[in-house]
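S.K.: build me a structure from this.
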Amino acid sequence: MKTHASTSETLVPTAKPQNMLDMFMSHARDDHDMEFSIAPDGTHFIEQELFRIEFGVRDDGLHVRLAGPNENALIFFKEEIVHHIADIDSDAAARIRWDEQGMRAREGDLLPNFHVLTVQDSFELFEGMQRVIVHSPEVVAGYEDGLHLRLILPLYPSRPPVWPRMGANGTPVWPQGADKLHARFVTIRQVRAESNEVDLDIVRHGDGLISQFAQVAEAGQEIGAMGPAGMRALPDHDRYFIAADGTGLPGVARLLETLAPTAQGDVIVPLPDDIDYLPPTSLRIHRVPPSAFEADVVQKAMQLTARGETEYAYFAGEFENAQALRKHFRHGLGFDKTTQISAAYWRRGKPGFGS
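M.R.: Alright, predicted model coming up:
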């Protein structure tokens, strides 16, 4: 087992721990295409590069142990776990109490991975993409902890924000009613440590609140954020397939910067020929008009990948595209959770998806 910097565990009080575990395993398999492994002692676990989750059935409940790189990352992790437990048994979720190592935040505190960002500038970088430059020494300091920030703003912009606080069950307590907040993950494109500036590239995407904020943001305006979190780089391989729509495009730019100079493969992105957005790379770039990307990306992926040749596949974008490409990655290319990611950043017809 890998050594992780932060760990947290709890006993979920339930009379039917096996039923709860079965529902977790079904969710992981059906919604995230992830399978649990079983340790010799009967513990069910999922382990990835930075995280590990363990479930153990006991007479008095379901034991859960989480491990990750830092406290900030575990806050996101715990929130997901408690959210899914609440879907099964809301009373059990409310009664969760975590035994923690290396944790600082306590009930009623501001979250340790929460920051207030101050807008420096906002402008249209190219058609369909807005760049918001914010000032944040905390995000600059934690830049290597992940690709993403969870931006947070009031659902009703005219109200002063009431920020989330740590709850007794170890997860954020989000204000409700007139103080309700809206949150969505965005990608950190780059930082300038000398000035504590962070570039956030946000797709101009319909009438989403974060997109609308980005387009009208003014210097001096403040917005909340949690993070950074998420993957920091792709695993080391020789040949990659990478694709993303506009929502995943900033992440692709970040990930390309982390690849070895000798890496080969193909990248599909919704960029016109005259837009110079991606960093220099040895991978072949296939540009698709943004209006055609959703319709074309799956077929083009099948044309550019082959079992035994492509070694790692990555996609970020619309839900149905992500589902289709995950199927291709798993069954067409024979990949497992260690050699592919197909992430749904949004879902057509569901504006709140992913928030």
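S.K.: and the contacts of stretch 85-97?
M.R.: Residues from elsewhere that reach stretch 85-97, judged by Cβ atoms under 8 Å, 6 or more residues apart in numbering: 10, 12-14, 20, 23, 61, 82-83, 168-170. For glycine as for every other residue, the C-beta is placed from the backbone atoms N, C-alpha and C.
S.K.: so which of those sit within helices?
M.R.: Under the assignment DSSP state H, the contacts of stretch 85-97 contribute 20, 23, 82-83 to helices.
S.K.: any chance of CSV for those residues, columns pLDDT and neighbour count?
M.R.: Shown next, in CSV, are the ones in helices among the contacts of stretch 85-97 (pLDDT from 0 to 100; neighbours: other Cβ atoms under 10 Å):
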residue, pLDDT, neighbour count
20, 94, 22
23, 91, 16
82, 93, 23
83, 91, 11
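S.K.: what is the nearest of those residues to residue 270?
M.R.: Minimum distance to residue 270 across the ones in helices among the contacts of stretch 85-97 is 31.4 Å, recorded for residue 83 (Cβ to Cβ).
S.K.: residue 309 versus the closest one, what's the distance?
M.R.: 39 Å (Cβ to Cβ, to the nearest Å).
S.K.: for residue 121, same thing?
M.R.: On the measure of Cβ to Cβ, residue 121 and residue 309 end up 44 Å apart.
S.K.: for the stretch 251-355 of the chain, which spans come out with low pLDDT?
M.R.: Applying pLDDT under 70 to the stretch 251-355 of the chain flags the ranges 350-355.
S.K.: so which residues of it form helices?
M.R.: Per DSSP state H, counting those that start in this stretch, the stretch 251-355 of the chain carries helices over the ranges 293-304, 319-327.
S.K.: can you tell me which of the ones you listed is most buried?
M.R.: Mean neighbours per residue, mean count of other Cβ atoms under 10 Å, is largest over the helices of the stretch 251-355 of the chain for helix 319-327, with a mean of 19.
S.K.: tell me what that helix is packed against?
M.R.: Counting contacts by 3 or more Cβ pairs under 8 Å, 6 or more residues apart in numbering; DSSP states H and E, helix 319-327 packs against helix 293-304, strand 312-318, strand 340-346.
S.K.: can you list the ones you listed in JSON lines and add distance to residue 208?
M.R.: Listed next are the helices and strands packed on helix 319-327 as JSON lines, based on distance: least, Cβ to Cβ, whole Å:
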{"stretch": "helix 293-304", "distance to residue 208": "17"}
{"stretch": "strand 312-318", "distance to residue 208": "13"}
{"stretch": "strand 340-346", "distance to residue 208": "8"}
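S.K.: identify whichever of those lies nearest to residue 190.
M.R.: Once the helices and strands packed on helix 319-327 are compared by Cβ to Cβ, strand 312-318 is nearest, at 17.8 Å.
S.K.: domains in this protein, as residue ranges please.
M.R.: 6-101, 114-229, 239-346 (automatic domain parsing).
S.K.: take these and write them to CSV, including distance to residue 107.
M.R.: Listed next are the domains of the chain as CSV, based on distance: least, Cβ to Cβ, whole Å:
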stretch, distance to residue 107
domain 6-101, 10
domain 114-229, 5
domain 239-346, 32
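S.K.: ok, the residue nearest the centre of the chain to residue 92 distance?
M.R.: Residue closest to the average C-alpha location in the chain (Cα atoms, centre = their mean): residue 230, at 5.3 Å. Using Cβ to Cβ, residue 230 is found at 28 Å from residue 92.
S.K.: same question, residue 80
M.R.: On the measure of Cβ to Cβ, residue 80 and residue 92 end up 16 Å apart.
S.K.: and for residue 63?
M.R.: 13 Å.
S.K.: what do you get for residue 79?
M.R.: 16 Å.
S.K.: swap in residue 214?
M.R.: 39 Å.
S.K.: these two - which one has more neighbours?
M.R.: Set residue 214 next to residue 92 and count neighbours by other Cβ atoms under 10 Å: residue 214 wins out with 26 against 21.
S.K.: just the residues contacting the one helix or strand the more buried one maps to, thanks.
M.R.: Element membership of residue 214, judged by DSSP states H and E, is helix 209-216. Identification of contacts with helix 209-216 by Cβ under 8 Å, 6+ apart yields 122, 124, 130, 132, 151, 153, 155, 157, 182, 184, 186, 200, 202-205, 223.
S.K.: from those, keep the buried residues only.
M.R.: 122, 130, 132, 151, 153, 182, 184, 186, 200, 202-205, 223 (16 or more other Cβ atoms under 10 Å).
S.K.: so which of the residues you listed are in strands?
M.R.: 122, 130, 132, 151, 153, 182, 184, 186, 200, 202-203, 223 (DSSP state E).
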